[in-house]
Structure formats: C-alpha cells, structure tokens
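Asker: Show me how the following folds:
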Amino acid sequence: MEQKCSDFEIVGENYILEDRSINKRKGFKKDLKGKPYISIGLLFLIVLGCIFPRVMTNLDPTYMDLSNINVAPNGTFYFGTDSLGRDIFTMIWYGGRVSLFIGILATFISTTIAVVYGSISGFAPQVVDDMMMRFTEIAISIPSILIVIFIQAMIGQANPVSISIVIGITSWMNISKIVRSEVRQIRNSEYILSARYSGGKFFYILKRHLLPNFISSIMFMVVTNIGSVIATESTLSFLGIGLPIEIISWGSMLSLAEKALLSNYWWIILIPGIFLVMTLVCITNIGNYIMKKNNKEFSNL
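Answerer: From the prediction side, this is the model:
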C-alpha cells in the first residue's frame, strides 16, 4: 500500500502557484514587447545631459574664442565652433536645457487651458457647448505658427518664458476636444452627480473625479506636444523672430543655418539639427506607444 502511494504526486496548491507564475512571466514578456526602449534610452541620456551640462563639459557656452572661429570638429572642439567662436558641444547641452524648458512649460500651459476649457464645454448646456466647440474649430483651422508669429511680433524681444506662453496659449485646441468628449461621456455618472448635488465646486469635481478619468486619454498628446513646441521654437528662431542669438537654444543655434550653408560650415547646422530631430523622433515614438496602449486597453473593455 505504501508503495502505491509513493507513485503519486500531489499537485494542488503548488500546481496553482506554479501555473500563476508561468502566466505572470508570459504577461511580463508580453508587456516588454513593443516598448520603444531605444527611444526611451536616447531621450533619457539627452535629457540627463541637458539637466547636468557641467558633467558633460566645463566650458562656458557663451564664451567667444575669436581665435577659433568656424573650426571643424576635432580633438579639442568635439563638435567644432560656430561663427562667434563658441564651442558647439557645450552649446548643445546648455541649449537643450532651454529648449526642453520651453517645451515643458508651453505644454503645461496649453494642457491646463485645454483641461479647463474642455471640461467647461463638456459640462455646459448644448447651446454653450456648440458655441465653444465652433470657436475651437475656427482656431484649429488657422495655422498655429501664423498666430504664434503674429503674437510674438507684437510682443517684440523674446525670452524663454514669453515664447513658452505664446506657444502655450495657441496649442490647446486639440487636447480640449478630447477632454470635452470624455467629460460628456461621464458627466451624468452617479458619483459626479452626487458631488454636484452635494455642493462640490467645478474645480473640486475636475480634480477629484474628471481628471483621473481622462488623463490617460490625453497623455499621448501631452507627450507629443512637447516635441511640437520644441520644433515651433526652432522654427521661430530660424525665421529670426524667436530667441535672440545670445540666449542659447537648439533653435537659436539653427538661426545661423543660412550663413553656415553658404559658407560650407556644415557642422554648425548639422549637429544641432541631429540632436533636435533625434529628440523629436524619440518623443514621437513614446507618444505613439502611449496612444496604441490606450487604444488597446479601450478595445478590451
């Protein structure tokens, strides 16, 4: 009898635990698949270098070495120098910090406006909602770069804060439409109606009940908007109405592009352009991944 019992193996709880661990490993591998690791890694390194530029170089980005003007990349000047004798390698990291600051601040401003405007439109009666959405569609139909150029021309001399505000107040429309759509879907939910009947103010309901519901829906647009802002700032500087040349950013570095191309000093435009394009591509890839993940989660509901 004892011999027969030893031939059997008890599988109950241990079998269930082992099966769960296998499923967990499969789910972990599935989560890892498709993530933009290269984009995340490159963007992390670029941002880290821009936040701590002194780790990358000890030189002053504004120092003009008149004895080394338009020097090609070499062992001393890794990325060469520009027409003012400034070290481009040093300018890349300090200029990136300014460009990223503008991108984040302008995105914060535009997202705040979009969330408040879209939530008001979603809560408003149908007539008011239609009027607000018509205004939004009219604003979207006008190229934002033209509005930015017009406002910036009226303001005059730009600085990182002013140009962030100008771009921020002209790039909220698309996000607001998504916010409005989400609010219209959940505004009659029991917990929101309960909060309203209990005397909850608009911003209290927005913070406690609305924002957690649509933050994931707009996150991919928030991320990609940072890249759009950086590109807009670079475009303005290239056109000569962005940041002045003494304020170093990737955009102001590209403002020397015309003279550099005519003089065949390729490194002055190519190297800042590579960093700018690489950052924009990384941000776009991360934003697309977030969008696909949200769409997949929505389709599984």
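Asker: Tell me the buried residues in stretch 267-274?
Answerer: Trp267, Ile268, Ile269, Ile271, Pro272 (16 or more other Cβ atoms under 10 Å). C-betas here are computed from N, CA, C, even on glycine.
Asker: sorry, that was for stretch 85-104
Answerer: Those would be 85-100, 102-103, for stretch 85-104 by 16+ other Cβ under 10 Å.
Asker: still on that earlier bit, among the buried residues of stretch 267-274, find me the one that's closest to Val166.
Answerer: Pro272 (22.1 Å; Cβ to Cβ).
Asker: contacting residues around that closest one?
Answerer: Ile88, Met91, Ile92, Gly95, Trp250, Met253, Leu254 (Cβ atoms under 8 Å, 6 or more residues apart in numbering).
Asker: which one of those residues sits closest to Val161?
Answerer: Gly95 (16.3 Å).
Asker: Can you give the contact residues for stretch 181-188?
Answerer: Contacts of stretch 181-188 (Cβ under 8 Å, 6+ apart): Gly118, Ser119, Ser121, Gly122, Phe123, Asp129, Ile192, Leu210, Asn213, Phe214, Ser217.
Asker: Report the residue spans of the stretch 1-150 of the chain with pLDDT below the cut-off.
Answerer: 1-33 (pLDDT under 70).
Asker: now Pro73: how far from Leu45?
Answerer: 20 Å (Cβ to Cβ, to the nearest Å).
Asker: more crowded one of those two?
Answerer: Pro73 (16 against 11; other Cβ atoms under 10 Å).
Asker: Tell me who's in contact with the more buried one.
Answerer: Contacts of Pro73 (Cβ under 8 Å, 6+ apart): Phe79, Gly80, Trp267, Ile271.
Asker: Present these as JSON lines; the columns should include distance to Phe52.
Answerer: Output for the contacts of Pro73, formatted as JSON lines (distance: Cβ to Cβ, whole Å):
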{"residue": "Phe79", "distance to Phe52": "18"}
{"residue": "Gly80", "distance to Phe52": "23"}
{"residue": "Trp267", "distance to Phe52": "24"}
{"residue": "Ile271", "distance to Phe52": "20"}
